[in-house]
Every structure is written in structure tokens, then in C-alpha cells.
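> got a sequence here, can you build the structure:
(3 chains)
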Amino acid sequence: MKKMKNQITNAISDFFFEYETPRQVLVRNRRVGVVCRLIQLGVLAYIIGWVFIYEKGYQSTDTAVSSVFTKMKGVGYTNDKGKERVWDVADYVFPPQGDSSFVVMTNYIITEGQSMSKCPELPGKHNCSSNTDCEGGSFKRTGHGQMTGVCVNTTKTCEVLAWCPVENDHIIPDPPLLISAENYTLFIKNSVTFPLFGVTRSNLVEGIDASYISKCLHDPEKAPLCPIFKLGDIVKLSGFNFETIAKVGGAIGIVVDWTCNFDVDVRHCKPKYNFHGLYGNPTETDKARASVGYNFRYAKHYLEDKIQKRTLFKVFGIRIDIIVQSLARKFDIIPTLTAIGSGVGIFGVATVVCDLVLLYLLPKREFYKNMKFKYTDTHIQVSIMMHEQLFDGNAVVIEVSF
Amino acid sequence: MKKMKNQITNAISDFFFEYETPRQVLVRNRRVGVVCRLIQLGVLAYIIGWVFIYEKGYQSTDTAVSSVFTKMKGVGYTNDKGKERVWDVADYVFPPQGDSSFVVMTNYIITEGQSMSKCPELPGKHNCSSNTDCEGGSFKRTGHGQMTGVCVNTTKTCEVLAWCPVENDHIIPDPPLLISAENYTLFIKNSVTFPLFGVTRSNLVEGIDASYISKCLHDPEKAPLCPIFKLGDIVKLSGFNFETIAKVGGAIGIVVDWTCNFDVDVRHCKPKYNFHGLYGNPTETDKARASVGYNFRYAKHYLEDKIQKRTLFKVFGIRIDIIVQSLARKFDIIPTLTAIGSGVGIFGVATVVCDLVLLYLLPKREFYKNMKFKYTDTHIQVSIMMHEQLFDGNAVVIEVSF
Amino acid sequence: MKKMKNQITNAISDFFFEYETPRQVLVRNRRVGVVCRLIQLGVLAYIIGWVFIYEKGYQSTDTAVSSVFTKMKGVGYTNDKGKERVWDVADYVFPPQGDSSFVVMTNYIITEGQSMSKCPELPGKHNCSSNTDCEGGSFKRTGHGQMTGVCVNTTKTCEVLAWCPVENDHIIPDPPLLISAENYTLFIKNSVTFPLFGVTRSNLVEGIDASYISKCLHDPEKAPLCPIFKLGDIVKLSGFNFETIAKVGGAIGIVVDWTCNFDVDVRHCKPKYNFHGLYGNPTETDKARASVGYNFRYAKHYLEDKIQKRTLFKVFGIRIDIIVQSLARKFDIIPTLTAIGSGVGIFGVATVVCDLVLLYLLPKREFYKNMKFKYTDTHIQVSIMMHEQLFDGNAVVIEVSF
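Numbering: from 1, shown residues only, chains lettered A, B, ... in the order given. Alright, predicted model coming up:
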């Protein structure tokens, strides 16, 4: 019993008081030496310079959950056939409650006093020469209503049950009716939270207080942190021509970029605002086609002489999407050690490469093989040839060769 | 001074002209050899085959920021108690401006001519036998208004101040009033940007131009890239029965899947469209319950004889969420070298395993221990037994044992 | 030919029947031994304890694509200058269709019967003493309309073409008109899909069935999984005072946190609900300012005596953003082996550190150098001094030193 205990104790003490280190062969060879040192230095430079300093491999990353609130300001003015009117926020922003994605009306086709009844389709749609061309009860995907089966002589188009008169959107007002939208301003409130690091930031960073906001206007150079944007500027910065986009509509993405390094003071974590057109394929040749054109319809309903009527708007507008893009970095032990560890691994690769050179390319490779490898199946034999000079006490030098 | 300089120079030259390589013991043992080679080959196969080829460990990944615009087309027709009417986009899509998440009305309960006044609650709600059962000024969470404290004899329910007459949603129209919604079409415009790789793509990929869109209809096999979808198809593909979902409503997710490999031409980066029902727990037994049923209320306000009135709609509809899911991959030196490095590390593990076999399991383990380990506290002693035949000049062979 | 074949066969068999293992020097030195063992144990503890158990380095992670549907219930009551009315969901929720981001109206400034005409601006805006102060046709960003160029004597403000009478929002109703909003309830339906693991979950987890939902109310302790929330509770839990936020409005984020481990039964994957105020910078001193205040305007249009009119609402409300935050983990071979591999690499680092101690700090460093390194340019020479006693057959012990 006691004996066994001793054994264990010894084993443990042995384990603790000794340690293995690989036996190294120190190759004194200029060519190999230089090659390998350079490879090793290269690896070292890569790990320190690239992985750590450039790619910040010692940091872990996190993306944010975010929330955006927007508010438009400004008044538009139209003079449609002598009928003057102004448009305020409640009229030209859809939806009204300040979402991160909304539309600013810049142009429209209005069809007033529509009521549910029967009227001929638009010329160009459902053309017909006789009733037989208009199948009653059927629809056309692009049509305005249900065909009654009658072909109206005056217009040579099928009659439909629909909101009449049907909208005629063949001509888009040019110049756009609300060209004054250029001067509207957009206020963006954005809050981001990095759950992994437990940090919350708002685009109203330090220094962007109520008094500053009340008078500032965003400018990429002069006021990059001002959260108030002129619509005209947004369009220009995203590479569109305002007149064009205002006429047929278009979609613009405002990217709020939160690229933060929390190893420095969190106050340095500030948003960057970028603007680019959406729905386009830069790789496409006909980018223009793909990227402009945005419209939708909505109706205002009312009662006139007990008859339900509606005013239909085909709205052309600038659809703005606030896209929050975030990447925060902070020192973390895991990626650090992972980087170091795999770096050491790559060091191993370097050694392997050198060994290949050493063992297969050099002229003296056989010699180095013997140096590097110890064979388990060789017996060491020392043969000493003794040429003795009898009756003589001289020293004898023996060459022992392994 | 000069001397010191020389020393440094020598140190440096030494460093550059020599290099260490671990001394290896070459074990000639079939069992161990085979075992270890297989382990090593396994590791190699894993690194090359799995990490690199299968998991593409040499690439870094990125997810996209995206923007979606949708547009419905089509006309619905209802004949509600002989009252014919058609429903166009402005009537059945909520919200109208083409968000990535919207509702298509397929069924509704309409309550016309509501005005702010006093009326009895619905039978089944706030039942009462006398005024004492109706506490004045109090609310019921599920009620329609504020109780006045009166119990109406005719209906045996409490009287409430509310939009009267109160909505009666006990009977849901069946078949759904807008069953024709099946033929509506949905157009999806989606733009994704991979910030890390600086690539922007739109689902109007090469070849999907205006002319193609004008006539195509999405089909998983025949036209997988056509961005125009028939509502009926969407419902079918997501595993619902249209009649059911149209009646009580439901939510469907359209996942636009951008899984791209930018090591090949960016033109190969194309979206895939998947459809599945939302709000269900596939693990649940009563999936059906959880996954159908979607409705909300909205009102149209108007003035009639100077009295503010509203028409209340309880809308049952198909809520469609366009969910953009993206994962792009591109060659990157960091993950590549990290994979290699940690791969080499695993090689080390293989060696460790083999050594354990070698040093603890084999019968000749003692011998191999001596081979592998060199002890720093042993003195090598050579004892040569000399059996000399005097007066004879023969060669003597001496066994030297370490 | 045959001979060559043999050679290859031999080479292969050699390769398979032998393997290299680095020759180790076993250093029997207490100080170094202890130091190194401790370092190695530290590394081991780090890899197993930290990387694997604590950070779950053996798992791969995935975030979810999600979809949210919300539904408010409850009735509000206002008595505005003796004019009683109740507000139901269709009146106080914007937008109505149950988005993940919506606004609950808690206070409002109503301006009834606006029509497009000319009227003086608000006192305080566009003050003027004479017409020259009011440039005709020009706008003021914060104004209500287009100046006509006339200065109205009675109010001493410029006349504008606008929706008249212009809204006066100088006084915000206090206490908030819809303070009863505190008792509204919010129902959240949330569905998440983890594409990488192919798992779909809904917040109506096992046990949260229709019958439970019909009577439960969310409580952080008692009913953490109940998806029905009292608005008052939400506000309290997010650290606001209801009275304040109801008056001027504010934004609240409801974070649905899906942190799941799919190595255990998927049924354990349940949502956590957290509440916090948005748009605030916790690092800021004036947090309060930044985080409260939320309003927008919308209008109800109607026709009165053939004149288009509107009722303008300036809505103060609680903007609620449902933010889904997800992180799922599952065992994966790649991260596991990467962690092991780089762990072995770090082991290498430990050895390197020990060697430095061994070879540069210890007094016996020269001795250890000789032990560890084998020099390729040294010739081993054994010189044996023989002091022979002639005519004597004794054993001779020779010290051979390398």
C-alpha cells in the first residue's frame, strides 16, 4: 500500500520536476539557413503585421440591433391648372409615422371623383371592335376592372365595372409638380445597441445637441455628423439627377455606417452617412433603367351626395431606406490566442518546407538525414584496430565512427 | 567598441546562416507505422477535403444590407348582397407604398356608418341582467367601448359609448369575399449590397430585363428568376390551402436567398426564392392552429350631414414578409492560413497519439523511450573489457554499449 | 523495369511501416520543470475550460431570419371640452396592419376643418411689421405654407397660403388625453428561422396555447413566456415614467432575445423579452432629453359642402420597435478542430517560452544547449589514454566524453 503510494508520489514529482523539449539539430548551412530564416521572418511578419495590426485579429466582432426614426420638414407648392395648393408633411410622406423606410411624394397623377360604376377602359387597353372581344366577367391583369362584355363604340375599348372614370397615367407631369421637394429636410434619429459588448449609441453623439441640430445641415465635409439632410443633397450625393428622379420616382439608400473600435473610448464610435441608389446592378449596362422609377397608388375616400367616392393618387416619389450597417470590434482573448496558435502552426509549415530543402535538395542530404533522423534498428559498433607496439607505453588514439 | 560590433555581427550572421530542425527518431515498426500514417492521412484528408473543399475554409464570409420594394397588380371583384364592386391595388394592399412587409386583403367584415354614440354591446360580451352588472365608466379589454352603466333589456347586454353600431365579427364570410385574390400578381424588386466585398446586386439580374418581366411568371422550375409571382402560387408553394388562408388570413414569408461565391464571376450570384408559412412551430403538433389566422382593423372616416362617421373594416388577409437572407464568400488569406495553421496543430495531435501508443502500449516501449528521450542527468560510461592475448598482435573487437 | 517497381514498392512500404517522432530531451531540472508544467497546465486549462466549456468553442453559430406580427387591444376614452369619445385600435395604432414597428397614440393636438386658403402664420413664426418682411412666394422650412407677401396687422405675422387655420402646437395637452392607454395590451407573434440549422421556432412555444394566451399577462417573473404585454408594464420595464412619455411621446425597443443551444432539445429554445428606451446615449449626461419626445402628423380628409377639408392630428405616442436578436449554437466539427489545432499551437508557444528560460537564463545553460542542440559541423573524437600495466590482465575503464 505505502509502496504504491510512494510510486504515485514519485510519478507525480517526476512529472513536475522534468519536462521535454524537442531535441534540435542545428544546421550550419548558409543556403538553407538564409532560406529558412527568411521564410520564418515572413511568417512572423504576416502574423504580427497582417493578422494583428492590419486585420486586428486580436479582436472579436459584433453587429448591432438598431432602431431608426425619421422626420421630414418642409412645405411644397403646386399650381395645377391655376389651382394653387401647398403640401405639408401630412400630405407628402408615406407612411406618416416616421419609419426607417418611407416615400416622399415628388410627382403625382390625380384622378378625382371616382365612383364604382361602369365606364370604358383606357384607349390602348382592351381594344375591341365588337362585344365579342370583351368577355363578360373576365379580368385583365393590367386592367382597371371587370369587363361587362360591352364594347364601347366611342373609344373602341371594352367597358369595365371599376372606379370610374378610370385613371389615365399615360402622361407623367413634366416638370414634376413638387419639384420644390428639393428643399425638404430629413431628420434621422438612429439608435444602435451592440449586445455582445453591451454598448448603446445614438447618432445624436456627444456635441450633437438640440441647439446644434436646430441650425445645422448635413454636409459630407463641413458637418458630417449633423443628422439633418436636405433632400436635394441626398439625391445629388447618391448620384441621381433630381429633376429625373422627382419626375418618375426612385429609391435611395442612406447607409448609416457604425464601424467602431471599442478598445478606444466609446466616444470615438460615430456614424458615417453614405448615399447610393437602390435596385440598380452596377454590373449592368443599362443601370439607369433598373435604378429609377418608383410609384404606387393610394386613394382618399369621401362621401358626396350619399355616394362613396374616392380621389386616386398615382404617387411618384423618392423612396428612402435608412439602412443601418454596423461592425464593432473589441479585444478578446479567444481570437487572439487562436491567431497566435495557428500562427505557430504556420511556423511549423515553414520548418517542414526547410526540411524538404534540407533532406531532398541539398547535395549533402544524406549527411543531414543521418543528423536529423535516429534509426531505431541500428546497433552501434565500435571497432578499434589496435596496432600495438609491444614493450612501448605510448598513447593510442582511436577513431570511433558511428 | 569594435570588438563588440564584431560580436553582434557574428551573432547575426550565425542566426542567419544556421537553422534548427527538430531531431526526429525514425521508428521502424510496422504496427505503429501503419497506425500513425493512417491517422496523419486522415488529418490531411480532413483538412484538404473537408475544411477546404467542402466547407470552403479558405474564404471569408459576409452578409448583405438589402432593400426591397414590392408592387401588387390585379383587380378583385365582390358581389356582396347584390352590391357589385371591384377592388384595385389602392383598396386591398396595406400599406400602399410597397414595403417589404405588407398585407393583401382577401376577406373582410365591413361595418358601415359608425358614429360616436351609445349602443348595446354585442350579445356574448358584457351580458347583464340589470344595470348593476354594468359598472359605469369601466372598460373591458375585449369590449368596444366605455360602459355607461345601463343594461339594455332587448339584448341583455351593457350599453357602451363607442363607435355605433358595434362591429359584429362572429360570422366570417365563407367563401372569402375576395377569393379572386388568387390571381393577383406580386412584383419584387430587391437590391443587396455586400459591404465587405463592395458588390451590389439586384434581383433583376442579367437577362431579366423589362421585356422579359412584362411577360414572365415565376415558376420554381421553368422561370426561377422571374420576379413576378402569382399570389395563388405563393400560397401553394408555402404549403397552405388558398381557400383556408384567404378566409381567416395568414402570414407567409418569401425568403430571397442570396448565397454567392465571389471567387467565380459575380454574374453567377443569383437569388433563390423560397416560400414558407410563418408563426408556426414545426415541432408543434397543432401547427395549423399556430400558423393561420391574420386580421386587423382599419377605418375610413367621412362626414355625413356634419356628423363624423367611419366605415370599419376587419381585414382578413395574407401578410407577406419578404425576408432577404444572404451569405457571400470570397477567398481571403486570413481564414486560409488560419485553417492551415490549425491543421498543422492537429497534425501535432496525431503525433502525440502515436507517441502514446509507442511509449505506453508497445512491448518494446522501454527501448523506444530510450530512443525518443535523452536524459540530461546520465553520464555515458564505456567499459571495455580487454581480454588480451599477450605476445599476439591480433585485432580486438570491443562492444561499446550505451 | 521490375527493379524500379520494387524500389517504388519498397519506398511505399518504408513510408507506411515507419514514422517519425521528434526526439525529446528530458530535462531533469526542478525549476524549469515546474515552470513549464505550470505553463502547459495553464494552456490546457485555458483550452478546455475557457475555449470549450465557457465559450463553447466547439459550436458553430447562426443568427435567425425573423418575422413579427403585433396586435393591440383596448379602448381609450377622452373627454375633450365635454366632447366624449372613445378610441379603438383602428383609431390609435399607426400603421394599422400590425407591423413590428408601430406607434400607439397617447396624446394629440387636433386641428379640425382645415381647408386650402390664406391665413396668418402662428405668432412667433414669421413675425413682421410690414409687408416688406414677408417675401411673397418664399417658404420658411419650419413654416406652414407659402408666404403671400402680406403682413397681417392683427397678428403681426405674415400671411401664408396653407391649410387654414394653421395648427397651433404651442401647448401640449397635460395630462395626456389618452392616459388610459396604460391599460392597452400588446400581443406579439414572432417566428424565427435559423437557416444554417434548419430550425424554425415561434414565440408561441410549447405550452403557450390559445387557452393560455386568452388569460395570461406578461410578467418578467411569473409569466416570462406570455406574449401579451400591458403597455403600462412595457413603459415601466423600459425605465420611463408613463405620464411623461404619454405626454410628449417616446420610443421603446422590445428586444426578443433568442439565445439557443441546439445541442440540447430544441424545446429549450425559448425567447426572452427585454425592454429599453431608444434614441438615448447612456454615456450622455442629458439622457432624458435625447430619449423622450416622439410625434408625427397625419390628416383625415373629407368633403364638406363640396370643399375639400381635413382634420390634422399632431400625434404624440409611444413608438414600439420589436427587435429580434438571435444567436443559436450547435456542435460543429470545424470550430472544434480549429480550436484544438490552435490550442496545440499555443502549447508550442509554451515550449518555446520554457526553452528560452532553459537556454538563456539558467546557469547550466551551456550544458542544456549541448543537450538540446546537435551541431552538424562537429566531428566526434574519442581519445583514449591507455596507461597499460604490461604483463597484467586487469580490466581497464575508459571514460569516453562527447
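> ok so residue A:253 is a strand residue?
Yes: secondary structure of residue A:253 (DSSP: H, G, I helix; E, B strand; the rest coil): part of a strand.
> CA atoms only for the helix with the most length in chain A - export them in PDB, please.
What stands out as the longest helix in chain A, according to DSSP state H, is helix A:333-356. Listed next in PDB are the C-alpha coordinates belonging to helix A:333-356 (Å, rounded to 0.1, in the frame of the first residue of the first chain):
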ATOM      1  CA  ILE A 333      -8.600  36.600 -25.600                       C
ATOM      2  CA  ILE A 334     -10.100  33.900 -27.800                       C
ATOM      3  CA  PRO A 335      -9.400  35.300 -31.300                       C
ATOM      4  CA  THR A 336      -6.000  36.500 -30.000                       C
ATOM      5  CA  LEU A 337      -4.800  33.100 -28.900                       C
ATOM      6  CA  THR A 338      -6.400  31.400 -31.900                       C
ATOM      7  CA  ALA A 339      -4.400  33.700 -34.100                       C
ATOM      8  CA  ILE A 340      -1.200  33.000 -32.200                       C
ATOM      9  CA  GLY A 341      -1.800  29.300 -32.100                       C
ATOM     10  CA  SER A 342      -2.500  29.000 -35.800                       C
ATOM     11  CA  GLY A 343       0.400  31.300 -36.400                       C
ATOM     12  CA  VAL A 344       2.700  28.900 -34.600                       C
ATOM     13  CA  GLY A 345       1.200  26.200 -36.700                       C
ATOM     14  CA  ILE A 346       2.200  28.000 -39.800                       C
ATOM     15  CA  PHE A 347       5.700  28.300 -38.300                       C
ATOM     16  CA  GLY A 348       5.700  24.500 -38.300                       C
ATOM     17  CA  VAL A 349       4.800  24.600 -42.000                       C
ATOM     18  CA  ALA A 350       7.900  26.800 -42.600                       C
ATOM     19  CA  THR A 351      10.100  24.300 -40.900                       C
ATOM     20  CA  VAL A 352       8.600  21.500 -42.900                       C
ATOM     21  CA  VAL A 353       9.400  23.400 -46.100                       C
ATOM     22  CA  CYS A 354      13.000  23.900 -45.000                       C
ATOM     23  CA  ASP A 355      13.400  20.200 -44.100                       C
ATOM     24  CA  LEU A 356      12.300  19.300 -47.600                       C
END
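> for the closest residue to residue A:267 other than its chain neighbours, phi and psi?
Distances taken as C-beta to C-beta, 6 or more residues apart in numbering or on different chains put residue A:206 closest to residue A:267, at 5.6 Å, once the chain neighbours are dropped. Quick note: C-beta positions are derived from backbone N, CA and C, even for glycine. Dihedral angles phi and psi of residue A:206 (degrees, to the nearest 10) take the values phi -50, psi 130.
> before we move on, what about the one 10 residues further on?
Phi and psi for residue A:216, reported as degrees, to the nearest 10, are phi -90, psi 160.
> with residue A:173 instead?
Main-chain dihedrals, residue A:173, degrees, to the nearest 10: phi -50, psi 130.
> and the residue nearest to residue A:227 when sequence neighbours are not counted, bridged to which residues?
Computed as C-beta to C-beta, 6+ apart, the closest residue to residue A:227 that is not its neighbour in sequence is residue A:188, at 4.9 Å. Using DSSP bridges, the bridge partners assigned to residue A:188 are residue A:70.
> so what's residue A:188 up against?
When contacts are counted by C-beta atoms under 8 Å, 6 or more residues apart in numbering or on different chains, residue A:188 is found next to A:68, A:69, A:70, A:203, A:227, A:229, A:254, A:256, A:322.
> report the contact partners of the last one.
The neighbourhood of residue A:322, defined by C-beta under 8 Å, 6+ apart, consists of A:68, A:70, A:100, A:101, A:188, A:190, A:254, A:256.
> same question, the first one
For residue A:68, the residues meeting the contact criterion (C-beta under 8 Å, 6+ apart) are A:99, A:100, A:188, A:189, A:190, A:191, A:256, A:322, A:324.
> same question for the third one.
The contact partners of residue A:70, by C-beta under 8 Å, 6+ apart, come to A:98, A:99, A:100, A:102, A:186, A:187, A:188, A:189, A:320, A:322.
> hmm, try it at 10 Å
Residues touching residue A:70, when contacts are defined by C-beta atoms under 10 Å, 6 or more residues apart in numbering or on different chains, comprise A:93, A:97-102, A:186-190, A:227, A:229, A:254, A:320, A:322, C:296.
> helix, strand or coil: sort out residue A:32 for me.
Classification of residue A:32 into helix, strand or coil gives helix, according to three-state DSSP.
> among the contacts of residue A:68, which lie within strands?
Within the contacts of residue A:68, membership in strands is found for A:188, A:189, A:190, A:191, A:256, A:322, A:324, as judged by DSSP state E.
> which non-adjacent residue is nearest the third one?
If I follow you right, that is residue A:190. Nearest one to residue A:190, counting by C-beta to C-beta, 6+ apart, is residue A:203 at 4.3 Å.
> tell me how many other residues surround the one you found.
Using other C-beta atoms under 10 Å in any protein chain shown, residue A:203 has 23 other residues around it.
> next one: residue A:358
Neighbouring residues of residue A:358 were enumerated by other C-beta under 10 Å; the total is 26.
> what's the distance between it and chain B?
Taking C-beta to the nearest C-beta, to the nearest Å as the criterion, residue A:358 is separated from chain B by 7 Å.
> hang on, that residue packs against residue B:19?
Yes: using C-beta atoms under 10 Å, residue A:358 and residue B:19 qualify as a contacting pair, with a distance of 8.7 Å.
> spit out the residues that contact those two alike.
Overlap between the contact sets of residue A:358 and residue B:19, as judged by C-beta under 10 Å, 6+ apart, is given by A:25, A:27, A:29, A:32, A:35, A:36, A:351.
> can you add pLDDT and secondary structure and give those back as CSV?
Written out in CSV, the entries for these read as follows (pLDDT from 0 to 100; DSSP: H, G, I helix; E, B strand; the rest coil):
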residue, pLDDT, secondary structure
A:25, 80, strand
A:27, 77, strand
A:29, 77, coil
A:32, 77, helix
A:35, 81, helix
A:36, 82, helix
A:351, 79, helix
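> among those residues, which two are most distant?
A:25 and A:35 (16.0 Å; C-beta to C-beta).
> who's more crowded, these two?
residue A:25 (21 against 17).
> identify the bridge partners of the more buried one.
When residue A:25 is checked against DSSP bridges, its beta-bridge partners turn out to be residue B:21, residue C:374.
> got the contact list for it?
A:355, A:358, A:368, A:371-373, B:19-24, C:23, C:373-376.
> please indicate which of those residues are buried?
The neighbour-count criterion (16 or more other C-beta atoms under 10 Å in any protein chain shown) marks A:355, A:358, A:368, A:371-373, B:19-24, C:23, C:373-374, C:376 among the contacts of residue A:25 as buried.
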